[in-house]
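Trainee: Here's my sequence, what's the structure:
(one chain, ligands or ions: 1)
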Amino acid sequence: METRGSRRTLLPAAVLLLVLAALAGVLTLAAHGGADRPRVVRSAPSPSGPAPVDLAARVDEYTAGFAPDGSYAPPDAAQRRAVADGVLGALDGQPEQAGRELARVGYRLTEFTEAATGRRVAEIADGTAADGRGWGRIYLDLSARPNWSVQVPHPVSDARTEALGVELFRAAPGGVLVLAGAHRRAGADGSSDVAHRSDTVFAAVVEALTGRGLPGVQVHGFDEGSLPGQDAVVSSGAGQPGPAAELTAAGLGRAGFAVCRAWREKCGQLEGTTNVEGRFAAGVGVPWLHVELGNGLRTEPARRAAVAGVLAETVRSWGPR
Ligand SMILES: [Zn+2]
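Mentor: A predicted model of the protein is given here:
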C-alpha cells in the first residue's frame with residue numbers, strides 16, 4: 001500500500017514539473033521576442049553617444065536663479081551682432097561658422113537630442129564661467145528648417161512663460177525658442193527688459209530672425225487683477241491683426257478661456273503696442289503675435305498644455321517659409 005501510494009503521488013508531480021518547464025520556455029521566448037523581432041530601443045545612455053537632454057528641465061535649471069536683484073551687463077553693438085549672426089549661421093546649417101562667430105563673445109553652440117521629442121536641437125548659450133551677463137539663450141529645432149519663433153522675454157517674472165515656451169517648441173516642428181537671460185527688473189533702469197529695450201541680445205536675435213521672415217509669437221503673463229474677467233489677451237502689437245491673431249483667439253476661446261481681442265476692444269493696456277520686437281516685425285511686415293496670459297494659464301500644467309496646443313496650431317498656420 002505504501003509503494004503504490006508513493007507511485008500515485010510521484011506521477012502527477014512529474015507531469016507538473018514538465019508543464020512548469022514548458023511554461024518557463026514559453027515565458028523566456030516571450031521576454032526575448034525571438035530573433036525576427038526588433039529589439040526595444042531605450043532612451044538610456046548608450047556607449048555610442050550622450051544621453052538625451054530634457055529641455056524643460058534644462059531651461060528650468062537655467063532660469064532658476066533669475067531674480068530682480070540679479071546681475072545684468074548690457075551688451076555693446078558688436079556683441080549683439082555676434083550672437084545674432086551666430087543664430088543665423090545655425091539657422092542656415094553652418095554650425096562651424098556660427099560657432100566661430102559666437103566664440104568671439106564667449107558664446108557656444110552645442111547640439112543634443114531632446115528627450116521628449118527625439119529631435120536634434122542646437123543650443124546657443126553663454127559659455128563664460130559665471131554667465132553673469134544675462135544675455136539669454138536660443139534653441140533651434142534641427143529636425144526641420146526653422147520657420148517660426150517663440151519669444152520668452154520675461155522668464156520667471158512672467159511665471160512659467162519659460163515652460164510654455166518649451167512646450168510650444170516641442171509641440172510643433174521648425175521652432176526657434178528665444179529666452180531672455182535675466183529677470184525683467186535685473187540691472188539698472190530697466191536695461192534688462194528685453195521687450196522694451198532694443199539694445200539687448202534678445203532684441204538683436206529676434207530682429208535677425210524676423211528679418212529673415214520668420215513669424216513669431218511672444219508670450220507674457222499678467223496678474224488677473226489688472227484685467228478682471230479675462231484669461232488672455234491676443235494682439236498683433238503694433239502690426240495689423242492677421243489670420244493668426246483670429247485663429248489664436250478662437251482657439252483659446254474653444255479651450256474655454258475668456259479672450260480679449262486687442263484689435264476689437266480695450267484690453268487693459270496689455271496689447272503690447274510699445275513692444276520693440278513687435279514694432280520691428282510691423283515695420284518689415286512679418287506676422288507677429290503678442291499673447292498675455294493670466295496666472296492659471298501659465299502655472300497650472302493642464303491649462304498651460306492647452307495654451308501650448310492652441311499656439312502650436314497658430315505657428316503651423318504660418319506654414320513653411
Ligand atoms: Zn511680460
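Trainee: for R303, helix, strand, or coil?
Mentor: Secondary structure assignment for R303 (DSSP: H, G, I helix; E, B strand; the rest coil): helix.
Trainee: That one - nearest residue in space that isn't next to it in sequence?
Mentor: L297 (5.0 Å; Cβ to Cβ, 6 or more residues apart in numbering). Using the backbone N, CA and C atoms, a C-beta is placed for each residue, glycine as well.
Trainee: what's near enough to touch that neighbour?
Mentor: Contacts for L297 (Cβ atoms under 8 Å, 6 or more residues apart in numbering) come out as D231, A232, F257, R303, R304, A306, V307.
Trainee: Can I get those residues in JSON lines including neighbour count, secondary structure and distance to V156?
Mentor: Output for these, formatted as JSON lines (neighbours: other Cβ atoms under 10 Å; DSSP: H, G, I helix; E, B strand; the rest coil; distance: Cβ to Cβ, whole Å):
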{"residue": "D231", "neighbour count": "23", "secondary structure": "coil", "distance to V156": "21"}
{"residue": "A232", "neighbour count": "25", "secondary structure": "strand", "distance to V156": "20"}
{"residue": "F257", "neighbour count": "20", "secondary structure": "coil", "distance to V156": "23"}
{"residue": "R303", "neighbour count": "19", "secondary structure": "helix", "distance to V156": "19"}
{"residue": "R304", "neighbour count": "20", "secondary structure": "helix", "distance to V156": "15"}
{"residue": "A306", "neighbour count": "18", "secondary structure": "helix", "distance to V156": "22"}
{"residue": "V307", "neighbour count": "24", "secondary structure": "helix", "distance to V156": "18"}
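Trainee: for those residues, which one is nearest the ion?
Mentor: A232 (13.1 Å; Cβ to the ion).
Trainee: you'd agree that closest one is up against H290?
Mentor: No: look at A232 against H290 with Cβ atoms under 8 Å: they stay out of range, at 10.9 Å.
Trainee: Check the offset of stretch 191-198 from the chain's centre.
Mentor: 21 Å (Cα atoms, centre = their mean, to the nearest Å).
Trainee: Next, the distance between the ends of it.
Mentor: End-to-end distance for stretch 191-198: 10 Å, by Cα to Cα, to the nearest Å.
Trainee: So which residues make contact with it?
Mentor: 72, 74, 134, 136, 153-154, 180, 182-186, 190, 199-200, 202-203, 207, 218, 220, 272, 274-277, 280.
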